[in-house]
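Colleague: Pasting a predicted model and its sequence here:
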Amino acid sequence: MSTYETLKGLKVKFLGADTSGDRIQEGEIFYNSDAYQLKSHIAVGAWSAGTPIPAVKRLTAGFGTQTAAISAGGSPIVATAFEYNGSGWAALASMNDAKHSFDGVGTSTAGLVCGGVIGSPAASNRTNQSEEWNGSAWAEGNNMNSSRSDSHAAGLQTAAVSAFGVISSSRTNKTEEYDGTSWSEVNNTPVAADGTRGSGTLTAGIFTGGDTPDRVTTTFLYDGTNWTTGTAMPQALSKHAASGTQTAALVFGGASPSDDSEVDAAVYDGTTWTQSGDMATGRQELNGADASSTASLAIGGELQPGDSALVEEWNLSVLTTTAAAWAAGGNLVSGRRNPVTFGIQTAAVVAGGHTPAGDFSTSETYDGTSFAEGNNLLVAMDTSASAGTSTAGLVFGGNPGGLTETVSYNGTSYSEENNLTAARYALGGSGTQTAAIAAGGSPQTNTGSALSEEYNGTSWSEGNNLGTGRYKPAQTGTQTATLFVGGDTGPANVANVEEYDGTSWSEVTDFPSTLTFAASSGIQTDALIFLGDTGPDYGVQTFGYDGTSWSSRPNMATAGGNTEGCGTSSAALAASGGPASGRTSSSEEFTGDTTTATAKTVDFD
Amino acid sequence: MAIFIYGTATNTGKDFFTHEDRRNFFLRGYTGHDGSNPVDVWVIGANEKGALWLADASGTEKTKAEAQALVKAADDLARTAWDNDDVDDESADEKIARIGSKPGFTTIP
């Protein structure tokens, strides 16, 4: 009799838990000695919520991967483009022409879009234009031979095939190939159809479904020269989305034969289609990252009625990802505006600020569940800044009257420390109790200060100035790697962001909007910025920063600002705060994406 | 079908809404006032889980107009409080530095 060791070259491992050791591998057998069960990890396909795209869209062009996806154009007719990094969206340079009903191929740094509709009515506004994306800008490519819409493409920027669609108001079987320079007509598809969706490569493309005008289940395969017919899909579909390759493809969403928006997904292994996990929200005319059948995206689409900004992530894996979200935290004893917050999500201090009673010196501690009153600050401190932890904190500057006051906190009480060299309020603060940095602020004249000072645990000393003086910023990080976001220069609110390396400040990528009185958590290369006044009003927005670019995160439930925030980019706390109209005593807690592996019990029946 | 449910429910703190709730339905909170006391006004995604959440929170469903009126009442009070919060010889800029800009009006979705 063969043994597992004979077959696999490995003994069956005894593990104390499903996720311990190195056994999170699909199909590998292990014995869970805690549960007394023989187990194995089985890949399961599932959709989870992603961060909605900033604009409601359908009929976009999408290409790239789940963690580097581009979505361009779409209806209502726009030229805008966005990139998804697996967590959030960042705005990119717009295409040269606004368009919808087109498609794209390639990667986030080498993409191609072609055809589409550039005006209304569609019948007289189909285009043969193509545009190339190089990771930072769009450039006009050579035109296709026919002006067409609703076609679909497969391949890369330098080797693509575009097939099916509508030419001169009629469904077409014309096919064109792109070699990175020019388009050429090649063998026609077996039937004329639109609403067909494709993925794969120029020499191994797969195109599914569509309207002929009947809605069809057909799978067509392209080898770079000829078209052949593959296994039909489980159901007729059109205007769906597709990703993956000729031997590992995924189709999802779309319009059913009765034109309902589908939630279904089906996986193709080169021979057989298997119905797989459903999306949460059915839609058609959606798009997504088309590179993989194991990690894809569903972006926007038509809900019937209405268009959608919803994003869902598809993962075929032994790991299950739970999307990031904000949840309610404990309520403060006294809601307050402009407090400082230091520590982490489960061990934080919120101190100072305006309480409804006009008290500026109270301090509360948070244990991850509830707030409790602690010992007061030594003096009233409002719009101050802070650094450190709940057992080794530092509070400095602020109002009333513009303060140089600096106090330390030891987990129980506050002690007087040497003062800042320059009085100012609404300044930024970060670092630790023995290595803090205070930057910006206003010296009571409503003009932004560029001063930055460093604290060594004993005294403050002046460092190099910010590039742009401002107050009301969000600041996070360490003394030698600080992030300073937004603020008010006095004349105007700004979106400027600067980084400090321990010696000097440098300007980096702007925040997506002007921003004042926002809160922050995390470090310079992995930060979270939330709440704050974005110009129109105080918001619920949350953005992540990876040291290079900004991307959106799930929104909070309640808009606000005028508080500091604390914690990390994956476990943050937003407690109390404004806006100016009032004070909230509530708090919210952010938890980033989490990934878990669930093993299945091996059944001997 | 309506996109949102409107209601009032007192935010009781920790886990009043959970991460799972936030994944299951749209949720936005606003400060309202019923003429006697502040109230927490919620705009909730109109699906089964959103409706159940409001019920579990011992909330009271409102019409959009009722919810907007509660929020406007809180805005009115805040604006009046701002107008009345004066310090002798304080300039407009100094007042803004002390208590922030005059609150505006909030429009719920």
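Modeller: Everything's here; your move.
Colleague: quick one: A:Tyr222 and A:Phe207 touch, right?
Modeller: Yes - counting by CB atoms under 8 Å, A:Tyr222 touches A:Phe207, with 7.0 Å between them. The way it works is simple: take the backbone N, C-alpha and C, and place the C-beta from them, glycine included.
Colleague: Could you pull out the residues contacting both of those two?
Modeller: Here A:Tyr222 and A:Phe207 have A:154, A:163 as joint contacts, going by CB atoms under 8 Å, 6 or more residues apart in numbering or on different chains.
Colleague: what separates the residue nearest the centre of chain A from A:Tyr31, distance-wise?
Modeller: Nearest to the geometric centre of chain A sits A:Gly88, at 1.2 Å (CA atoms, centre = their mean). Applying CB to CB, to the nearest Å, the value for A:Gly88 to A:Tyr31 is 41 Å.
Colleague: same deal with B:Ala46?
Modeller: For B:Ala46 relative to A:Tyr31 (CB to CB), the value is 48 Å.
Colleague: One more: A:Ile118?
Modeller: From A:Ile118 over to A:Tyr31 the distance is 62 Å, taken as CB to CB.
Colleague: And the two? Which one has more around it.
Modeller: A:Ile118 (21 against 16; other CB atoms under 10 Å in any protein chain shown).
Colleague: if you skip the residues just before and after it, what's nearest to B:Val39?
Modeller: B:Gly32 (4.5 Å; CB to CB, 6 or more residues apart in numbering or on different chains).
Colleague: neighbours around the one you found, how many?
Modeller: When neighbours are defined as other CB under 10 Å, B:Gly32 has 25 of them.
Colleague: distance of it from chain A?
Modeller: 11 Å (CB to the nearest CB, to the nearest Å).
Colleague: show me the contacts for that residue.
Modeller: If you count contacts by CB under 8 Å, 6+ apart, then B:Gly32 has B:8, B:38-41, B:67, B:70-71, B:73-74 around it.
Colleague: for A:Asp103, same thing?
Modeller: Residues in contact with A:Asp103 (CB under 8 Å, 6+ apart) are A:61-62, A:113-115, A:151-153, A:162, A:198, A:287.
Colleague: Assign a three-state SS to B:Ala67, would you?
Modeller: helix (DSSP: H, G, I helix; E, B strand; the rest coil).
Colleague: what's near enough to touch it?
Modeller: Taking CB under 8 Å, 6+ apart, we find B:Ala67 in contact with B:6-8, B:30, B:32, B:41, B:43, B:108.
Colleague: Out of these, name the ones that lie in helices.
Modeller: Among the contacts of B:Ala67, none falls in helices (DSSP state H).
Colleague: would JSON lines of the residues you listed with pLDDT be doable?
Modeller: Output for those, formatted as JSON lines (pLDDT from 0 to 100):
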{"residue": "B:Tyr6", "pLDDT": "97"}
{"residue": "B:Gly7", "pLDDT": "97"}
{"residue": "B:Thr8", "pLDDT": "98"}
{"residue": "B:Tyr30", "pLDDT": "92"}
{"residue": "B:Gly32", "pLDDT": "93"}
{"residue": "B:Val41", "pLDDT": "96"}
{"residue": "B:Val43", "pLDDT": "94"}
{"residue": "B:Ile108", "pLDDT": "92"}
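Colleague: quick one: which of those residues is nearest to chain A?
Modeller: B:Tyr30 (7.4 Å; CB to the nearest CB).
Colleague: separation between the closest one and A:Gly565?
Modeller: Here B:Tyr30 is placed at a distance of 21 Å from A:Gly565 (CB to CB).
Colleague: Have a look at these two and say which one is more surrounded.
Modeller: Taking other CB under 10 Å, B:Tyr30 and A:Gly565 do not tie; A:Gly565 has more neighbours (27 against 23).
Colleague: doesn't A:Ser576 make contact with the more buried one?
Modeller: No - with contacts counted by CB under 8 Å, A:Gly565 stays clear of A:Ser576, the gap being 10.6 Å.
Colleague: The closest residue to A:Thr489 other than its chain neighbours: neighbour count?
Modeller: Using CB to CB, 6+ apart and skipping the chain neighbours, the partner closest in space to A:Thr489 is A:Gly448 (4.4 Å). Applying other CB under 10 Å, we find 27 residues neighbouring A:Gly448.
Colleague: In a helix, A:Gly448, correct?
Modeller: No - using three-state DSSP, the assignment for A:Gly448 is coil, not a helix.
Colleague: residue contacts, it?
Modeller: Contacts of A:Gly448 by CB under 8 Å, 6+ apart are A:440-442, A:468-471, A:487-490.
Colleague: Without its sequence neighbours, what residue ends up closest to A:Ala122?
Modeller: A:Ser149 (6.4 Å).
Colleague: and which of the contacts of A:Gly448 is nearest to chain B?
Modeller: Of those, the one sitting nearest to chain B (CB to the nearest CB) turns out to be A:Ser442, at 7.2 Å.
Colleague: what's near enough to touch the closest one?
Modeller: A:424-427, A:448-449, A:471-472, A:488, A:490, B:97 are the contacts of A:Ser442 under CB under 8 Å, 6+ apart.
Colleague: which one of those has the most neighbours?
Modeller: Counting neighbours by other CB under 10 Å, A:Leu427 comes out on top of those with 32 neighbours.
Colleague: before we move on, back to that, make a markdown table from the contacts of B:Ala67 and add distance to A:Ser71 to it.
Modeller: What follows is these, written out as a markdown table (distance: CB to CB, whole Å):
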| residue | distance to A:Ser71 |
| --- | --- |
| B:Tyr6 | 32 |
| B:Gly7 | 34 |
| B:Thr8 | 38 |
| B:Tyr30 | 31 |
| B:Gly32 | 37 |
| B:Val41 | 34 |
| B:Val43 | 27 |
| B:Ile108 | 29 |
